[in-house]
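Student: Just a sequence and a predicted model for now, questions to come.
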Amino acid sequence: MTSSSPTSSRPARAQAFALSALALLAAPLAHAADYVQAPGSVLTFATEYQGEVFVGRFASFDTRISFDPARPQDGSLDVTIALAGADTDNTERDETLQGADFFNVARFPQARYSARGFRKLDANRYAADGTLQLRGVGKPVTFTFEWTPGARPVLAGRATVSRLAHDVGGGDWADTGLLPDAVAISTRVNLQPAK
């Protein structure tokens, strides 16, 4: 009659423990969902010139987000913006924005915002401490957003960007009495699951 010794079951127990540990580590990631931008999304900017407020929009931008409201610290956000699509309903101003003094789209056709990990502010509001790459200059920018959950969630957020920190509007345009340094950015992004 044979009986198994206590040591014979150790490998099996060790294997079961290792599998359980791996399952626990993987569990938080299993709930994160990847989304891409859907039609109907908008990205706008607002500032003023000689005291007159004007608003513009970027006709073309692409948003990708990975997000689980239960674990915002694991989230990520990437937004790519085609700068040539800046439209303020003023042809002369739009041409100036695309020129060398401002966006310089011939040399820097895109801007990119990326963030890894979000902070929860309250019920459905979060903050992303990311980096904006604009005109070849990367600077930290905090983006706050509200998350509306669902099969097709909506991200609505805003940020304030220092144009001078990114060398946008130097020379004569550096006068903040003429054109403020702070530019208000706002967006409403309709999302759909990534394929």
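Tutor: Received, thanks. Residues are numbered from 1 along each chain as shown.
Student: Let me know the pLDDT of the residue nearest to the spatial centre of the chain.
Tutor: Here the mean C-alpha position of the chain is nearest to the C-alpha of Leu77 (Cα atoms, centre = their mean), at a distance of 4.0 Å. Taken from the predicted model, the pLDDT recorded for Leu77 is 98.
Student: Surely it touches Ala115?
Tutor: Yes: using Cβ atoms under 8 Å, Leu77 is in contact with Ala115, at 4.7 Å. All C-beta atoms are positioned from the backbone trio N, CA, C, and that covers glycine.
Student: one step back: make sure the residue nearest to the centre of the chain is indeed in a strand.
Tutor: Yes: assessed by DSSP: H, G, I helix; E, B strand; the rest coil, Leu77 belongs to a strand.
Student: Contact partners for it?
Tutor: 63-67, 113-115, 118, 128, 130, 143 (Cβ atoms under 8 Å, 6 or more residues apart in numbering).
Student: For burial, what's the neighbour tally of the nearest residue to Gly136 once chain neighbours are set aside?
Tutor: Using Cβ to Cβ, 6 or more residues apart in numbering and skipping residues adjacent in sequence, the residue nearest Gly136 is Phe108, 6.0 Å away. Close neighbours of Phe108, defined as other Cβ atoms under 10 Å, add up to 17.
Student: which residues make contact with the one helix or strand Val53 maps to from outside it?
Tutor: Using DSSP states H and E, Val53 falls within strand 52-58. Defining contact as Cβ under 8 Å, 6+ apart, one finds that strand 52-58 is touched by 42-48, 81-83, 85-90, 93-94, 97.
Student: now with 6 Å?
Tutor: The set of residues external to strand 52-58 that reach it, using Cβ atoms under 6 Å, 6 or more residues apart in numbering, is 43-46, 81, 85-88.
Student: Can you flag which of those belong to strands?
Tutor: Among these, the members falling in strands (DSSP state E) are 43-46, 81, 86-87.
Student: This structure: strands as residue ranges?
Tutor: With DSSP E applied, the chain shows strands at 33-37, 42-49, 52-58, 61-67, 76-82, 86-87, 110-116, 118-122, 125-134, 137-148, 154-162, 182-193, listed in chain order.
Student: nearest to Ala174, of the ones you listed?
Tutor: For the strands of the chain, distance to Ala174 was read as Cβ to Cβ. The smallest value, 11.9 Å, belongs to strand 154-162.
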